[in-house]
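> What shape does this take:
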Amino acid sequence: MIYRYTTRIYYQDTDAGGIVYHANYLSIAERGRTEALREMGAPHAEMVARYGVMFVVHRVNLLYQRPARIDELVTVETEFAELRGASVTLRQKFLRDSDSLAMLELGLGCARVSDGRATRIPREWVARLKF
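Numbering: from 1, shown residues only. This next block holds a predicted model:
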């Protein structure tokens, strides 16, 4: 499944030239992932509260294709690609209408809040992560 999150590009997201500052793509992607997890019935805050585990980014690959500019609407499409015992791989695409602006591939690891050590994703969350 593909989950969509649309946001407007604000002044705070841009550099002096009015285009999205390269690192801010990661923040926008994070909001898209958070909303995707919420839509799947697997909100991150609930996973932390119930199981004492969290997802942490352990790998990211971001390809910039075209600039996003101030005041534009940008849609982030999030697709979960692979689920393993303690990690999830997903792909995110940034779109302005039908123009692809950037593509991101990201690895999330499941870690215990208490000590940051890797751990398996709780079974209930595995069931909620619909691919």
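> C-alpha only now, for contacts and for neighbours.
Noted.
> Please tell me I have it right and Arg69 contacts Thr14.
Yes - here Arg69 lies in contact with Thr14, judged by CA atoms under 8 Å, at a distance of 7.3 Å.
> which residues do the two both contact?
Common neighbours of Arg69 and Thr14, counting by CA atoms under 8 Å, 6 or more residues apart in numbering, are Val20.
> quick one: buried residues of the top strand by length along the chain?
Identified as the longest strand of the chain according to DSSP state E is strand 99-112. Across strand 99-112, burial judged by 16 or more other CA atoms under 10 Å covers 100-112.
> Can I get the residues you listed in a markdown table including pLDDT and distance to Ile9?
Below are the buried residues of strand 99-112 laid out as a markdown table (pLDDT from 0 to 100; distance: CA to CA, whole Å):
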| residue | pLDDT | distance to Ile9 |
| --- | --- | --- |
| Ser100 | 98 | 15 |
| Leu101 | 98 | 13 |
| Ala102 | 98 | 14 |
| Met103 | 98 | 17 |
| Leu104 | 97 | 18 |
| Glu105 | 98 | 21 |
| Leu106 | 97 | 22 |
| Gly107 | 97 | 25 |
| Leu108 | 97 | 25 |
| Gly109 | 97 | 29 |
| Cys110 | 97 | 30 |
| Ala111 | 98 | 32 |
| Arg112 | 98 | 34 |
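> Let me have those in CSV, extended by distance to Thr6.
Listed next are the buried residues of strand 99-112 as CSV, based on distance: CA to CA, whole Å:
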residue, distance to Thr6
Ser100, 14
Leu101, 14
Ala102, 14
Met103, 15
Leu104, 16
Glu105, 19
Leu106, 19
Gly107, 22
Leu108, 22
Gly109, 25
Cys110, 26
Ala111, 29
Arg112, 31
